[in-house]
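1. 3D, please:
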Amino acid sequence: MSKARSTPAPAATGTAERLIVALGLTVSSAAVWLATRQVVAAVVFAAGLVALGALAWVLQRPRGQAAAPELALPDWSVTVTAIDRADAAVAITDRAGRLVCANARHEEWFGIAHAPPRLAVDDVGLERLAKAGRAAWRDGRGVADLVEGSSGRWAVEARRAGRGDDYLVWTITPVVGSDLVADLVLHLDGKLGRALSQAGIAAAIVDPDGKIRAASAGFAQRAIGDSGALLTGQDFTPLLRQDDRDRITWARDGQRGAPITMFYLPVTDPDSAIEPDYHTTPSLMLLADHGTGLGGGSGDGAAAVPHLEALLGPLPLGLAMIDRDGRLLFANPAFMRAAGRERDVAPTYPTDLVVQEDKGPLSDAIRRFAQGPASSGDIAVRLKGMAEEPVSLSLAGVRGLGEAAVLLGLTDSTEETRLKRQVAQATKMQAVGQLAGGVAHDFNNVLTAILGTCDLMLLRHTPGDSDYDDIQQIRANSNRAASLTRQLLAFSRQQTLRPEVLQLPDVVSDVSHLLKRLIGEKIQFVVKHDRDLGPVRADPTQLEQVIVNLAVNARDAIQAKGDGGKLTIATRRVSAADVRGMRNAIMPQVDYTALSVEDTGTGIPADHLGKIFEPFFTTKETGKGTGLGLSTVYGIVKQSGGFIFADSEHGKGTKFTVYLPVHHEHPSSVQRGPVEAPVKPLPQWSGGGRVLLVEDEDMVRAVAERALTRAGYSVVTAADGEEGLEKFRADPAFDLVVSDVVMPDMDGPAMIRAIRALDPQVPVLFMSGYAEEQLRKEIAIDGVAFLPKPFTVQQICDLVGSVIGARSG
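-> Next comes the predicted model:
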């Protein structure tokens, strides 16, 4: 067995070394003394040796140095936890390109054997990843907008990180949704590419860096002579050549090659709300021979426009070509449709499509883009017939297309404009409704005072009195004004409704006899009903008013045209799928039962169509309409949870369509067991009582006080909620509290809650010009009666007696 060699301890080693040094010093000093026989010389020699030894020890001993801070090595398990994401793959690579760390999503999508930028993607994607990596090492960040592989499509971002900037953090996010470029690539590889090739047109998609993303078989055949060649990733420009006259030919054909026309379109989503960046957007390159039979073989570009017409005509994008003199060479149907000239012949100049004020700016823009280097831009113009809606017109200078110098683009925004108008109209009607409701509420207070004063005066004047007829006339006009306020409340959806579940054909049947008398015998009256109509929940009386108002308007329109005409009332089913197909941004996608009223009258002018539901708007002669008929219809329909739309063509007729949601009975609301007996009417009371009357309007309070006092009640009045509460606290012995709803400071509901806290059993009667159903939902107080304004003396006295009598009974 071999023994382990022992190592002397540091303390022992130091002691031995000191003994050896001392022995050496002693021997050396003794030798000097023997040689010189002088003690002083020996001592000096020994001191010198000690000094030299001390100096050597100082120079050779380890010097004290500030300890460098020790940096902990990266704990990659913590990093893995930090980069754990479910929506993206994250990987970290070093300068050698080695995969240092990756999250679970990266391992799932690409495996740990592949580190960015060497992922399992196509060749174009590998090139983009390599560029992103180089940009990240150089600039700190690199991006690859689209990388495609067999398992998906991703957007990649690389960022430089680390203490020494020696790592790259790769974030790989899947691209969701349709890719316009990818879809176009598939079309170029399919029937579209073959059809273009047969027409003599070569097509390719080119990235901003000049690399070919995809090419049709015809392009490959003309560019390199092999229709089956794969040109993806190759440079586009070396395949073409341009002579001193700016004519473009195929490079493989040499100087004797036939000129070709080329134009490009940026591949952008027309529906995207994000402005495209043309520096990063791929382009669709289309190249056509001059001698394909569409325009002769002159080789001077004369065939460019026929080529474009054949190619751009079927496209859904509005495109037009302009020459250097500003003349319109070609406009496809989509362009004319977007310009509002779908059935017209294209004008000579595009400036003829815009209003006078925009002719100069458009002409200058066309001249600017027709000269100099090719560029693109946009200009806002107003089209004739649609001056209230500016549109964006895109311009792009093109070269090598013969006479064509500027490409115009115009998107058909008719549907978008229609939806914007619907939303704006709904918002405006909501605001006008709130205003009308507030005006009607204040006017009701005035009418309550007038009607009440008339009733009190009639108690002192009998028929035959000189003032009796005048008072009756005032009362009649006040009632007429009250009916107008009810129409305003109907428009503002604040009237009191009594909804019930019903079938629309039953309502139409009930009102048909009245309609026949209203429209007369000269107008043909037709009623049509669909099958399996869903029930709706609405007030039948108010629905009858809707039908009558629409029918009367239709009658007037037919009579104004003077040719007899026909009025058709129809009902039909509208499913949720039908609503989705309507692409209406306002209506929820549920089932509806629709009621339509259609006439063959004069129709409504387009500039009036957006105003017909506004209160006091009328096209009838002065004195023949209040302008509240359609506004009342609108309010009733909206308060019933429905929608109403008008479609009209001037000179041919109008169709109003009312959509009411189908009412689905909730199982818990179905009544089971025996039916309760009907509620008996409230008993009348004639025994008097003590009433607290709270009303902020002086004239209404005075009329109500006089009416109740004459009826035998003891009335205590208050001008607001706070005063009413104080009087109740001072003396709570009241048989009834009569209060307005809307008052300054403390309103009626707040006062009643405070009073009910003092006396939970006190009866309450609210007075208001707003809808009872709406008020009951808002105040949420049980056991209260409701008196709508305006009211008469008899109505308030009867209702007060009924409420007190019900409590006493």
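2. State whether Leu383 and Val355 are indeed in contact, as I suppose.
-> Yes - counting by C-beta atoms under 8 Å, Leu383 touches Val355, with 7.4 Å between them. (C-beta placed from N, C-alpha, C; glycine too.)
3. More neighbours: which of the two?
-> Leu383 (19 against 15; other C-beta atoms under 10 Å).
4. any idea how far the more buried one is from Ile547?
-> 39 Å (C-beta to C-beta, to the nearest Å).
5. ok, now Ala482?
-> 23 Å.
6. start to end distance for stretch 106-122?
-> 17 Å (C-alpha to C-alpha, to the nearest Å).
7. So for it, what gets flagged as buried?
-> Buried positions in stretch 106-122, judged by neighbour count with 16 or more other C-beta atoms under 10 Å: 106, 109-110, 114-119, 121.
8. mean confidence score for it?
-> Mean pLDDT, stretch 106-122: 85.
9. where do the helices sit along the stretch 101-250 of the chain?
-> Ranges of helices within the stretch 101-250 of the chain are 104-110, 123-139, 180-188, 191-198, 217-224, based on DSSP state H, counting those that start in this stretch.
10. which of these sits most buried?
-> helix 217-224 (a mean of 21; mean count of other C-beta atoms under 10 Å).
11. Present the buried residues of stretch 106-122 as JSON lines; the columns should include distance to Ile248.
-> Compiled in JSON lines, these are given as follows (distance: C-beta to C-beta, whole Å):
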{"residue": "His106", "distance to Ile248": "46"}
{"residue": "Trp109", "distance to Ile248": "43"}
{"residue": "Phe110", "distance to Ile248": "42"}
{"residue": "His114", "distance to Ile248": "42"}
{"residue": "Ala115", "distance to Ile248": "43"}
{"residue": "Pro116", "distance to Ile248": "39"}
{"residue": "Pro117", "distance to Ile248": "35"}
{"residue": "Arg118", "distance to Ile248": "38"}
{"residue": "Leu119", "distance to Ile248": "38"}
{"residue": "Val121", "distance to Ile248": "33"}
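12. How many residues are close by Val764?
-> Val764 has 23 nearby residues by other C-beta under 10 Å.
13. Correction: the previous question concerned Val345.
-> Neighbour count of Val345, defined by other C-beta under 10 Å: 8.
14. For my notes, confirm it occurs in a strand.
-> No - according to DSSP: H, G, I helix; E, B strand; the rest coil, Val345 belongs to no strand; its state is coil.
15. from now on call the first residue 15
-> Sure, I'll start counting at 15 from here, so that last one is Val359.
16. can you give me phi and psi for it?
-> Main-chain torsions, Val359, degrees, to the nearest 10: phi -80, psi 140.
17. and the gap between it and Arg396?
-> 21 Å.
18. need the contact list for the residue nearest to Arg148 when sequence neighbours are not counted.
-> Closest residue in space to Arg148, ignoring its immediate chain neighbours: Gly156 at 6.9 Å, by C-beta to C-beta, 6 or more residues apart in numbering. By C-beta atoms under 8 Å, 6 or more residues apart in numbering, Gly156 lies in contact with 145-150, 171-172.
19. Pick out the most distant pair among the residues you listed.
-> Spanning the widest gap among the contacts of Gly156 are Arg148 and Glu171, at 14.0 Å by C-beta to C-beta.
20. In the stretch 265-414 of the chain, where is pLDDT below threshold?
-> 270, 282-294, 304-323, 386-387, 414 (pLDDT under 70).
21. those helices in it, which residues are they?
-> Under DSSP H, counting those that start in this stretch, the stretch 265-414 of the chain gives helices at 318-326, 347-352, 370-384.
22. So which of those is nearest Ile818?
-> Closest among these, using C-beta to C-beta: helix 347-352, at 70.6 Å.
23. Show residues contacting the closest one.
-> By C-beta under 8 Å, 6+ apart, helix 347-352 touches 327, 329-334, 356, 358, 360, 405, 422, 424-428.
24. do that again at 7 Å, thanks
-> Residues outside helix 347-352 that contact it (C-beta atoms under 7 Å, 6 or more residues apart in numbering) are 327, 329-334, 356, 358, 360, 424-426.
25. wait, what's in contact with Ala384?
-> Contacts of Ala384 by C-beta under 7 Å, 6+ apart are 338, 411, 419-420.
26. quick one: it from Gly332, how far?
-> Counting by C-beta to C-beta - Ala384 and Gly332 are separated by 19 Å.
27. Could you point out the longest strand of the protein?
-> Longest strand in the chain by number of residues (criterion: DSSP state E): strand 400-415.
28. quick check: angle from that one to helix 370-384?
-> Counting by axes from the mean of the first three to the mean of the last three C-alpha atoms, to 10 degrees, strand 400-415 lies at 20 degrees to helix 370-384.
29. Show me the shaky parts of the stretch 565-714 of the chain.
-> In the stretch 565-714 of the chain, residues with pLDDT under 70: 629-643, 680-701.
30. could you redo the last one with a cut-off of 90?
-> 565-580, 590-603, 614-655, 660-667, 677-703, 710-714 (pLDDT under 90).
31. circling back to that earlier point, quick one: list the elements packing against the longest strand of the chain.
-> Using 3 or more C-beta pairs under 7 Å, 6 or more residues apart in numbering; DSSP states H and E, the elements in contact with strand 400-415 are strand 274-280, helix 370-384, strand 390-397, strand 418-424.
32. would a markdown table of those with distance to Ile238 be doable?
-> What follows is the helices and strands packed on strand 400-415, written out as a markdown table (distance: least, C-beta to C-beta, whole Å):
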| stretch | distance to Ile238 |
| --- | --- |
| strand 274-280 | 15 |
| helix 370-384 | 34 |
| strand 390-397 | 30 |
| strand 418-424 | 28 |
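33. out of those, deepest packed?
-> strand 418-424 (a mean of 23).
34. Contacts only, for Asp734.
-> Counted by C-beta under 7 Å, 6+ apart, Asp734 has contacts 710, 757-760.
35. can you list the residues you listed in a markdown table and add neighbour count and secondary structure?
-> A markdown table is the format used below for the contacts of Asp734 (neighbours: other C-beta atoms under 10 Å; DSSP: H, G, I helix; E, B strand; the rest coil):
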| residue | neighbour count | secondary structure |
| --- | --- | --- |
| Asp710 | 20 | coil |
| Met757 | 23 | coil |
| Pro758 | 10 | coil |
| Asp759 | 11 | coil |
| Met760 | 16 | coil |
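36. export the residues you listed to JSON lines and tack on distance to Gly576?
-> Below are these laid out as JSON lines (distance: C-beta to C-beta, whole Å):
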{"residue": "Asp710", "distance to Gly576": "54"}
{"residue": "Met757", "distance to Gly576": "55"}
{"residue": "Pro758", "distance to Gly576": "56"}
{"residue": "Asp759", "distance to Gly576": "60"}
{"residue": "Met760", "distance to Gly576": "61"}
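37. Most widely separated two among those residues?
-> Asp710 and Met760 (10.4 Å).
38. in the sheet, who's paired with the residue nearest to Arg148?
-> In this entry, Gly156 is beta-bridged to Ala172, by DSSP bridges.
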